[in-house]
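J.: Take a look and give me a structure for this.
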Amino acid sequence: MRRRSLILAAVPAGLVTLSACGDDKSDSSKASDKASPSAAAPSAVPPPKIVDGPLPAITAGVKFGEKPTVAKGPGQPSDQLAVKTVIAGGGKTVAEGDYIQAHCLGQIWTSAKVLLNSYDSNKMQFTQLAKGGSLEGWTYALTGKKAGSRVLFSVPPAWGFGKQGNQEAGISGTDTLVFVFDVKDVFGPNSSAKGKDVPQNDAGVPKVGTNTDGKAPSIEVPKTKAPAKLVSNYVIEGDGAELKADDTVLVQYKGVVWDTGKEFDSSYSRKALTSFSLQQVVKGWAQGLTGKKVGSRVVIVVPPSLGYGDSPPSGSGLEKDSTMVFSVDIIAKA
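T.: Numbers count the residues shown, from 1 in each chain. Got it, this is the predicted structure:
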């Protein structure tokens, strides 16, 4: 089981939802405020065969990035994964475990009832393609595709929600699902900050390494008293867009305890990036990252009042009233 990131505040671990790709009735940044239809746990079903069809037609919105209109499925769907690259991109190839930034639309084969839709909000979302980390059909259908591609595919129950379906989403145990993904970008586990090194001259702030090889940077905590207020400084300054308070971000990070310098949480050790809304994390992270630029590495010192205070997560390795120090690479935002 994947270890839950400790930076998240009150978000269910391992939450895999259809709304991960957005919909036309909800704000994805509020995913923690309500129940979301979750995928079945990984099963013992063997990998599917990838077949050419049948697949329904895209009848409108045929360009990359345009909201597609997809017809009902023609007759009986395949019991395997039918996959078609409608538009072939020339960008980075998707590997299992990568995050993709994409627009997506999903519907039921027989009725064409739309279940998810990120196009209306005009806000692409991040999805990790890993077995057990998303609908397994997504992983099988999109692994090997390239950024810039539009992919149309169908997912039968075996690699979707299983025989139990998903009552909340209106999916029966016999429903085959149809998806269109417009894959804008791909991010692997070695993604790193890209920008200019910024002098680290404040002796009272931890010094963070500036390597950009995908390996965890060093964090040297000074042997002084921890600051009482939030600190958020550039280590590497990128040239991307500034983060807003309600943005969803994709990051690489490492956290240590001020008093001991001991690491207690890290995306590097999990060999996987982390994606979240800035409205879902501890206050120190939300405040420390808002206004910072995509592509940057930031050192954040989070005092107890903006972290976990006297109630650290069980098993986290954090003591009560711990000051936390983070190195955060802002890889992308949605």
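J.: remind me which residues of this protein are low pLDDT?
T.: Where the chain drops to pLDDT under 70, the residues are 1-44, 133-134.
J.: Helices of that one, start to end?
T.: Secondary structure of the chain (DSSP state H): helices at 136-142, 267-270, 283-289.
J.: Including mean neighbour count and distance to Ala95, could these go into TSV?
T.: Just so you know, the C-beta spots here come from the backbone N, C-alpha and C atoms, and that holds for glycine as well. As requested, those are exported to TSV (neighbours: other C-beta atoms under 10 Å; distance: least, C-beta to C-beta, whole Å):
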stretch	mean neighbour count	distance to Ala95
helix 136-142	25	10
helix 267-270	16	16
helix 283-289	22	27
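J.: export these to JSON lines and tack on distance to Gly90?
T.: Output for the helices of the chain, formatted as JSON lines (distance: least, C-beta to C-beta, whole Å):
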{"stretch": "helix 136-142", "distance to Gly90": "16"}
{"stretch": "helix 267-270", "distance to Gly90": "28"}
{"stretch": "helix 283-289", "distance to Gly90": "32"}
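J.: Of all those helices, which one is nearest Gly214?
T.: helix 267-270 (8.1 Å; C-beta to C-beta).
J.: The helices of the chain: which one's closest to Lys225?
T.: Nearest to Lys225 among the helices of the chain is helix 283-289 (17.5 Å), distances taken as C-beta to C-beta.
J.: which residues touch the residue most central in space within the chain?
T.: Nearest residue to the geometric centre of the chain (C-alpha atoms, centre = their mean): Ser275, 3.5 Å. Contacts for Ser275 (C-beta atoms under 8 Å, 6 or more residues apart in numbering) come out as Tyr99, Phe126, Gln128, Thr248, Val249, Leu250, Val251.
J.: And the residue nearest to the third one when sequence neighbours are not counted, how far from Ser191?
T.: With C-beta to C-beta, 6 or more residues apart in numbering as the criterion, Gln128 has its nearest non-adjacent residue at 5.0 Å, and that residue is Tyr99. Per C-beta to C-beta, to the nearest Å, Tyr99 is found 8 Å from Ser191.
J.: who's more crowded, the two?
T.: Tyr99 (25 against 20; other C-beta atoms under 10 Å).
J.: What count of nearby residues applies to Asn122?
T.: Around Asn122 there are 10 residues (other C-beta under 10 Å).
J.: ok, now the one 4 residues further on?
T.: As a burial measure, Phe126 scores 24 neighbours (other C-beta under 10 Å).
J.: Across the sheet, point out what pairs with the nearest residue to it once chain neighbours are set aside.
T.: Leaving aside its chain neighbours, Phe126 sits nearest to Ser275 (4.1 Å; criterion: C-beta to C-beta, 6+ apart). Here Ser275 sits in beta bridges with Leu250, going by DSSP bridges.
J.: ditto for Asn117
T.: Leu105.
J.: I'd like to know how many residues surround it.
T.: Neighbours of Asn117 (other C-beta under 10 Å): 20.
J.: same question, the one 4 residues further on
T.: A count of neighbours around Ser121, defined by other C-beta under 10 Å, yields 16.
J.: Could you check how far Ser316 is from Val83?
T.: 41 Å.
J.: So for these two, which residue has more residues nearby?
T.: Set Ser316 next to Val83 and count neighbours by other C-beta under 10 Å: Val83 wins out with 24 against 15.
J.: isn't the more buried one right up against Ile50?
T.: Yes - checked against C-beta atoms under 8 Å, the pair Val83 and Ile50 is within contact range at 5.3 Å.
J.: any shared contact partners between those two?
T.: Taking C-beta under 8 Å, 6+ apart as the criterion, Val83 and Ile50 both touch Ala141.
J.: separation between Gly106 and Phe161?
T.: From Gly106 to Phe161 the distance is 12 Å (C-beta to C-beta).
J.: Gly132 - how many residues pack around it?
T.: Neighbourhood size, Gly132 [other C-beta under 10 Å]: 15.
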